[in-house]
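**Q** model this:
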Amino acid sequence: MTPNRLVSLDALRGFTIAAMIVANFPGTEEFVYFTLRHTRWNGLSFTDLIAPTFLFIVGVSITLAYTRHVTEGSPKGVLYRKIIVRSLKIFAVGMFLNLLPDFDFSNVRWTGTLHRIAIVFLICTTLFLNTTWKQQAWIGVFTLVAYWLAMTLIPTPDVGHVVLEPGQNLAAWLDRQYLPGRMWQGTWDPEGILSTFPSIVTTITGMLAGRVMLMAISPTEKVACLMTAGLFAAAAGYFWGLTFPVNENLWTSSFVLVTSGFAALLLGAVYFLVDVQGHTQGTRPGIIFGANAITVYVLADIFALVFYRMKFGSYSLNEHGVNGLIGIGIQPELASLLYALFFIGVNFIPAYFLYQRRIFIKL
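**A** Numbers count the residues shown, from 1 in each chain. All right, here's what the predicted structure looks like:
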């Protein structure tokens, strides 16, 4: 039986998208707080947590949305068509964003955040319709172990030995061989072929968390399950990271466990505060963003053409804004963050407009 809609999950989805926009669009790349940058290689920053948290939320949503279809015996053919169409739409929107603003098809990138979401959604939803939660858990374990063994035991062909450095590892080699188009880092891509497999496991962990939310136990017991599982996953990921470093670019197995553990702890905490204790004050902005999460993400890229690329005199709007804030004595990193928060406000306007009119754009 599906529970009443989780306000906590809706709010968490929206705040995650907002955090993604802040990380993607600082006032200036020159001045950014360390934790608002992606870690260059091994390690973990706040920004590194955003994408896996969103994929985790996708997994929770899959379980909550499709459990009813499974229990009612809905025709799988109809479900598959909807799943495939939705995945293709998300992938197509990702391609549209990659082509902005010049639409240079000869230099297009075929990977990205939305592309990965589309692929992971397609695979994980198909898994959910055809497997039990125990089978999903074992698939996740097998995938993480297999990825670890492949990355640490199979020599990179053009290097001649095992290496996990940027552009020299097995995942980078596979991308150079088989990934079409331009890669984000020239000779490798953080959202390439091989690293997509462990990212699927991130969403599987969300699916398992979603099952906890559907269990016939008390809300406090659900919180305890999420918090306990999150703590153990994060700890296991930390210790695994001693031999297979926590690394978002490679989406390592340790990275999956640490970030999924964090996401489970976060969901448990927010669920307890919002849905169990009823502390909904402050959740409305997240709910508004979350109601049209992917739409807001797309609009941010489009608005960025005006707020970050278009020149007004000698400078773009973000340069004018950051320079003006620095000119009145504000620390450069803080000025950059304040402009990013201003840009969040810009994106909130259409999100609020859509929410007020009950317009929910579902790709």
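
**Q** sec struct for residue 346, please.
**A** helix (DSSP: H, G, I helix; E, B strand; the rest coil).

**Q** okay, now the nearest residue to it once chain neighbours are set aside: neighbour count?
**A** Distance criterion C-beta to C-beta, 6 or more residues apart in numbering; nearest residue to residue 346, sequence neighbours excluded, is residue 303 at 5.9 Å. Every residue, glycine included, has its C-beta placed from N, CA and C. When neighbours are counted by other C-beta atoms under 10 Å, residue 303 registers 17.

**Q** so residue 303 touches residue 345, yeah?
**A** No. Taking contacts as C-beta atoms under 8 Å, residue 303 lies outside contact range of residue 345: 11.1 Å.

**Q** before we move on, the earlier item: can you classify the residue nearest to residue 346 as helix, strand or coil?
**A** Per three-state DSSP, residue 303 ends up helix.

**Q** wait, what's in contact with it?
**A** Residues in contact with residue 303 (C-beta atoms under 8 Å, 6 or more residues apart in numbering) are 343, 346, 347.

**Q** try residue 12
**A** Residue 12 is in contact with 53, 57, 266, 267, 270, 286, 290, counting by C-beta under 8 Å, 6+ apart.

**Q** and for residue 276?
**A** Neighbour list for residue 276: 219, 220, 223 [criterion: C-beta under 8 Å, 6+ apart].

**Q** contacts for the helix or strand bottoming out on mean pLDDT in the chain next, please.
**A** Scoring the helices and strands of the chain by mean pLDDT, DSSP states H and E places strand 311-312 at the bottom, with a mean of 90. With contacts defined as C-beta under 8 Å, 6+ apart, strand 311-312 is touched by residue 320.

**Q** try it again with 10 Å
**A** For strand 311-312, contacts defined as C-beta atoms under 10 Å, 6 or more residues apart in numbering pick out 306, 317, 319, 320.

**Q** tell me which residue is most central in the chain.
**A** residue 51 (2.4 Å; C-alpha atoms, centre = their mean).

**Q** so that residue sits against residue 114, correct?
**A** No. Using C-beta atoms under 10 Å, residue 51 is not in contact with residue 114; the gap is 11.1 Å.

**Q** what mean pLDDT does the helix or strand hosting residue 230 have?
**A** Using DSSP states H and E, residue 230 sits in helix 219-240. Across helix 219-240, pLDDT averages out at 97.

**Q** ditto for stretch 17-27
**A** 96.

**Q** okay, that stretch in PDB with CA atoms only?
**A** C-alpha atoms of stretch 17-27 as PDB (Å, rounded to 0.1, in the frame of the first residue of the first chain):
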ATOM      1  CA  ILE A  17      17.800  20.800  -7.600                       C
ATOM      2  CA  ALA A  18      18.300  24.200  -6.100                       C
ATOM      3  CA  ALA A  19      21.700  23.100  -4.700                       C
ATOM      4  CA  MET A  20      22.600  21.700  -8.100                       C
ATOM      5  CA  ILE A  21      21.900  25.100  -9.700                       C
ATOM      6  CA  VAL A  22      24.000  26.900  -7.100                       C
ATOM      7  CA  ALA A  23      26.900  24.600  -7.800                       C
ATOM      8  CA  ASN A  24      26.500  24.800 -11.600                       C
ATOM      9  CA  PHE A  25      26.200  28.600 -11.700                       C
ATOM     10  CA  PRO A  26      28.400  30.400  -9.200                       C
ATOM     11  CA  GLY A  27      28.700  34.200  -9.600                       C
END
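
**Q** need the helices for the stretch 201-350 of the chain, in chain order.
**A** 219-240, 253-271, 284-291, 293-304, 317-327, 332-356 (DSSP state H, counting those that start in this stretch).

**Q** nearest to residue 23, out of those?
**A** Proximity to residue 23 (C-beta to C-beta) singles out helix 332-356 among the helices of the stretch 201-350 of the chain, at 8.3 Å.

**Q** mean confidence score for the closest one?
**A** Across helix 332-356, the average pLDDT comes to 97.

**Q** just the buried residues of the longest helix along the chain, please?
**A** Ranked by residue count and defined by DSSP state H, the top helix of the chain is helix 46-72. Of the residues in helix 46-72, 47-64, 66-67, 69 count as buried by neighbour count, 16 or more other C-beta atoms under 10 Å.

**Q** all good on my end, thank you.
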